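Colleague: Let me see the structure of the following:
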Amino acid sequence: MKKSIMKKLFVMFLVVGIANICNATLVLYYNFNETAGTTAADTAGVGSPAYDGTLRDGLTFDSGSVSGKYGGALNMNGDVDIAMNSDDSGNLPGALAAGNNFTISLWFKNANWTDGGVIFAYGKSDLRFTIGFSNLNGVPEIRVYSKALNGANPDVLIREQLPLPGIDNDVWHHLAVVVSSTLGDTAADPLIYVDGSSSGGTATTNAWVTDLGVRLGRRESTTKVYYDGYIDDFAIFDMTLTSQEISAIYNSTTAIPEPATMTLLALGLTAVCSRTKK
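Modeller: Modelled structure (predicted):
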């Protein structure tokens with residue numbers, strides 16, 4: 001009886017989480033299932049043309065494609081340049097702009113915790129945004145630096161220290177970063193979720209500078225520190241996902257599906273939940 005109740009609660013949890021995610025727009029999505037070439041296809045279907053990524057510095061799917069969390073993944077032994085509709089100063093999905101809500105979700109598996117290794121860097125005329133890793137004094141951290149350049153909000157660096165036994169190298173982990181439109185307010189600074197949970201992090205005003213451009217695998221600056229590890233299922237949503245929605249992604253047994261598929265999945269889980277009540 002107790003197991004049946006727990007099963008119902010878990011299914012209902014996934015139903016609500018997935019149903020809510022259906023209300024968000026997936027504005028960019030790389031599943032990294034390619035096995036050849038130098039193009040990471042954006043399958044979100046929002047950009048026209050799509051925001052495909054171009055692998056550079058000798059990195060190809062022929063040599064960099066590996067088994068991922070779901071399907072294929074990319075071994076980041078170079079960097080990925082996300083293609084723009086115009087030039088490096090604009091036009092990645094409009095969600096990534098000062099004053100907007102957005103969430104970045106991805107799976108990562110580190111080969112080692114390189115201090116300063118950046119997994120995502122976005123530089124635009126009104127926003128600098130960087131996600132990276134630190135190993136300062138042997139303590140692993142995930143760092144998110146964000147600065148709105150319109151003069152209204154200060155720069156902020158959120159440092160999320162991670163327990164050494166809980167963030168082993170060579171293990172897949174889920175990372176989500178939630179950014180509110182009121183960035184710069186203490187209560188609305190970026191939230192970091194690792195494996196579905198967040199401890200809040202510590203805010204400082206130190207900067208990880210990135211120049212104009214968009215990169216996966218390093219930041220675009222004088223000091224180009226590459227990310228040493230693997231990445232899978234990189235996604236950008238146009239809203240601040242809740243902790244429940246992020247947990248639904250983390251606990252899912254499949255990759256992030258397209259919106260129509262998410263709706264069908266939510267309906268299917270609802271049907272399962274209804275049957276378990278009988």
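
Colleague: lowest average confidence, helix or strand, in this protein?
Modeller: Sorting the helices and strands of the chain by mean pLDDT, DSSP states H and E puts helix 259-277 at the bottom, at a mean of 44.

Colleague: quick one: secondary structure of the closest residue to G68 other than its chain neighbours?
Modeller: Nearest non-adjacent residue to G68, counting by Cβ to Cβ, 6 or more residues apart in numbering: D232, 3.8 Å away. Glycine gets a C-beta too; all of them are placed from N, C-alpha and C. At D232 the chain is in strand, as set by DSSP: H, G, I helix; E, B strand; the rest coil.

Colleague: Just the pLDDT for D232.
Modeller: Looking at D232, its pLDDT reads 96.

Colleague: Check the gap between it and T242 for me.
Modeller: D232 is 23 Å from T242, where distance means Cβ to Cβ, to the nearest Å.

Colleague: Between these two, which is the more surrounded one?
Modeller: D232 (24 against 15; other Cβ atoms under 10 Å).

Colleague: Just list the residues touching that one, thanks.
Modeller: Going by Cβ atoms under 8 Å, 6 or more residues apart in numbering, D232 touches 31-32, 68-74, 106-109, 172.

Colleague: Now neighbour count, pLDDT and distance to R143 too, for those, in TSV please.
Modeller: Output for those, formatted as TSV (neighbours: other Cβ atoms under 10 Å; pLDDT from 0 to 100; distance: Cβ to Cβ, whole Å):
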residue	neighbour count	pLDDT	distance to R143
N31	20	95	26
F32	28	95	23
G68	21	95	24
K69	19	94	22
Y70	18	93	26
G71	15	94	28
G72	17	96	27
A73	24	96	22
L74	28	94	21
L106	22	95	15
W107	23	96	18
F108	24	92	14
K109	19	91	18
W172	16	93	20
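
Colleague: Kindly indicate which of those residues lies nearest V139.
Modeller: F108 (17.8 Å; Cβ to Cβ).

Colleague: Show me what the closest one bridges to in the sheet.
Modeller: H173, I231 (DSSP bridges).

Colleague: just T130 next, same as before
Modeller: Here T130, judged by DSSP bridges, has bridge partners A121, Y145.

Colleague: so where do the helices sit in this structure?
Modeller: Listed in chain order, the helices of the chain (DSSP state H) span 2-21, 61-64, 243-251, 259-277.

Colleague: List the buried residues for the third one?
Modeller: Residues of helix 243-251 classed as buried by neighbour count (16 or more other Cβ atoms under 10 Å): 245-250.

Colleague: so A44 touches L26, yeah?
Modeller: Yes. Assessed by Cβ atoms under 8 Å, A44 is found in contact with L26 at 4.7 Å.

Colleague: Now do the shared contacts for these two.
Modeller: What both A44 and L26 touch, as defined by Cβ under 8 Å, 6+ apart, is the set A235.

Colleague: Relative to N137, how far out is the residue lying closest to F32 once chain neighbours are set aside?
Modeller: With sequence-adjacent residues excluded and distances taken as Cβ to Cβ, 6+ apart, F32 is closest to L74, at 4.6 Å. As judged by Cβ to Cβ, L74 and N137 stand 30 Å apart.
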